[in-house]
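Undergrad: using only what follows, build the 3D model:
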Amino acid sequence: MDTQRLSADGIHRRRRISPAEKSTTIEEALAATGDFPNVSLPWHMFGTSGHKTKPEGPVLLNYTKRGAEPLSPKEHSTNFKCIVDPCEVVEVSIHQFKTREFGDLTVNDAGHRFTRKGRKSPAFYSNQFLQLNHYYSKSEEEMRTKMQRSSNFAASHDKLEEKMRTTIANIEANVVEDYAMSEFVTRHRIDLTTSSNTSERVLVTSE
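TA: Predicted structure coming up:
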């Protein structure tokens, strides 16, 4: 797969990709996928990490507690972002794609193939080469602000708030410490304080 033609599905300010220790770029980390045109990365869902209000400093360093099961059966606790070859895509829907040759087959970061439905099974899980972090709530203060905003996918404010409270409760019911992203930043001496390497951009431009 020509990584210059890669399309990341919805990678934005609340989601960051981190290559594993042996890789320095997404291109290197994708080697195990063997040019497969549809790669699914499970969300690693981070909650408040104990922050009541917005902390000083970068999100990547402040939030280190995530749900223990990235492929949890709990409601709103599991989803994916995809890295695809847009030249091969024939169908697009939320968090999933079909490609010309392989239909709804997708691979994890280790190159193991599963169906769209099969990727939700525990056997699909891998963060051996790439890990996608979803900073779902940030601090309690920021989560309340988010609840006050409208959503394209929620029918009402009450439904949005109910969904968010359910999601954060499921994330924080069983958490583990995860320093993969902060260790990546430290290992590669990425400066998150400069205007050209803000926490909003660093791992989209430097992985």
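Undergrad: ok, longest helix in this structure?
TA: For the chain, the helix with the greatest residue count under DSSP state H is helix 157-172.
Undergrad: can you point out the buried residues in it?
TA: Within helix 157-172, the residues scored as buried using 16 or more other C-beta atoms under 10 Å are L160, E161, K163, M164, T167, I168, N170, I171, E172. For every residue, glycine as well, the C-beta is placed using N, CA and C.
Undergrad: which residues in this protein form helices?
TA: Going by DSSP H, the chain shows helices at 26-29, 59-62, 140-148, 157-172, 180-187, 202-205.
Undergrad: Serialize these to JSON lines and add fields for distance to G50 and mean pLDDT.
TA: Output for the helices of the chain, formatted as JSON lines (distance: least, C-beta to C-beta, whole Å; pLDDT from 0 to 100):
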{"stretch": "helix 26-29", "distance to G50": "30", "mean pLDDT": "90"}
{"stretch": "helix 59-62", "distance to G50": "10", "mean pLDDT": "93"}
{"stretch": "helix 140-148", "distance to G50": "9", "mean pLDDT": "92"}
{"stretch": "helix 157-172", "distance to G50": "9", "mean pLDDT": "92"}
{"stretch": "helix 180-187", "distance to G50": "16", "mean pLDDT": "89"}
{"stretch": "helix 202-205", "distance to G50": "23", "mean pLDDT": "32"}
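Undergrad: chain neighbours aside, what residue packs nearest to the residue nearest to the spatial centre of the chain?
TA: Central residue of the chain (C-alpha atoms, centre = their mean): L132, 3.4 Å from the mean position. Distances taken as C-beta to C-beta, 6 or more residues apart in numbering place L41 nearest to L132, at 4.1 Å, with adjacent residues excluded.
Undergrad: count of residues packed around that neighbour?
TA: When counting by other C-beta atoms under 10 Å, one arrives at 25 neighbours for L41.
Undergrad: which residue packs closest to H188, ignoring adjacent ones?
TA: T24 (6.6 Å).
Undergrad: CA atoms of stretch 114-121 as PDB?
TA: Output in PDB follows, covering the C-alpha atoms of stretch 114-121 (Å, rounded to 0.1, in the frame of the first residue of the first chain):
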ATOM      1  CA  PHE A 114     -11.100 -10.800  10.000                       C
ATOM      2  CA  THR A 115     -14.600  -9.900   8.800                       C
ATOM      3  CA  ARG A 116     -16.200  -6.700   9.800                       C
ATOM      4  CA  LYS A 117     -18.200  -8.500  12.500                       C
ATOM      5  CA  GLY A 118     -15.200 -10.700  13.500                       C
ATOM      6  CA  ARG A 119     -13.000  -7.700  14.300                       C
ATOM      7  CA  LYS A 120     -15.100  -7.200  17.500                       C
ATOM      8  CA  SER A 121     -13.900 -10.600  18.900                       C
END
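Undergrad: how about the strands in this protein?
TA: Here the chain has its strands, by DSSP state E, at 7-8, 15-19, 38-46, 65-67, 80-84, 89-93, 96-99, 106-107, 113-114, 130-135, 175-177.
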